[in-house]
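Visitor: What follows is a predicted structure for the sequence shown.
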Amino acid sequence: MSLVVGSCSARYAATYAHHVFKSKRVGAALVTVGSAVALLGTFLPWLQSGTTRRSSYEIFELVDRLGFSPSGVVGWALRLWPLVPLLLVVSAVAQWWQLPRGWNRVQTILPVLSACYAGGTAAAVIWAPDAALFQIGSGPFVAVAGCLAVLAGVPLKGLAER
């Protein structure tokens, strides 16, 4: 029995290919939008003291300059925070490239790492013990929401590539 153009097998294959292509685009779009939202969240106010609002970059620079950042993993995480925009942008751009077969893992690992780094740091600020002098701004909440969108988009794109 040969495969006829109007046969059930041919229609199934075409439908499956269309679904895979659509899933890749939806996953890539979700990673891109989530990265943009997370990036926006890093520039919004994270802490407010009186009338002064500080973004994540101002806070972490101040913490490092005053010597509050410990050595080790936490210290490195604070010092490398200015690389978050680069990580998020590269993660979003990499979703739209057609990479060779071996490089597909980069499209999966890079957004997961950047979302975990930015989202984990924002979540740590949200769940930090309350201090009467500071109020948490909208920045960490927006960053966490964007990172959750990134993490939701990665499996959509990854499952479509299998």
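Guide: That came through fine.

Visitor: Below-threshold pLDDT in this structure: ranges please.
Guide: Residues of the chain that meet the criterion pLDDT under 70 lie in 1-23, 64, 67-69, 131-132, 157-162.

Visitor: residue boundaries of the helices in it?
Guide: 8-43, 56-65, 73-79, 84-94, 104-126, 139-160 (DSSP state H).

Visitor: Would you tell me which of these gets closest to residue 133?
Guide: Comparison of the helices of the chain against residue 133 by CB to CB identifies helix 56-65 as nearest, at 13.2 Å. (C-beta placed from N, C-alpha, C; glycine too.)

Visitor: that older thread, can you say which of the helices of the chain is packed in most?
Guide: Mean neighbour counts were compared across these using mean count of other CB atoms under 10 Å; the top stretch is helix 139-160, at a mean of 20.

Visitor: Run through the neighbouring helices and strands of that one.
Guide: Contacts defined by 3 or more CB pairs under 8 Å, 6 or more residues apart in numbering; DSSP states H and E place helix 139-160 against helix 8-43, helix 56-65, helix 104-126.

Visitor: thinking again about what came up before, could you export the helices of the chain to CSV, including columns for distance to residue 49?
Guide: Below are the helices of the chain laid out as CSV (distance: least, CB to CB, whole Å):
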stretch, distance to residue 49
helix 8-43, 18
helix 56-65, 10
helix 73-79, 19
helix 84-94, 23
helix 104-126, 14
helix 139-160, 14
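
Visitor: Check what contacts stretch 48-66 and list those residues.
Guide: Residues outside stretch 48-66 that contact it (CB atoms under 8 Å, 6 or more residues apart in numbering): 42-47, 69, 75, 78-79, 81-82, 121-122, 125, 133-137, 139-140, 143.

Visitor: oh, I was asking about stretch 138-154
Guide: Outside of stretch 138-154, the residues that reach it under the criterion CB under 8 Å, 6+ apart are 26-46, 55-56, 91, 95, 108, 111-112, 114-116, 118-119, 122-123, 125-126.

Visitor: Also stretch 25-32?
Guide: Applying CB under 8 Å, 6+ apart, the contact partners of stretch 25-32 are 91-92, 95-96, 111, 149-150, 152-158, 160.

Visitor: So which residue is dead centre in this protein?
Guide: Closest residue to the average C-alpha location of the chain: residue 115 at 3.4 Å, with CA atoms, centre = their mean.
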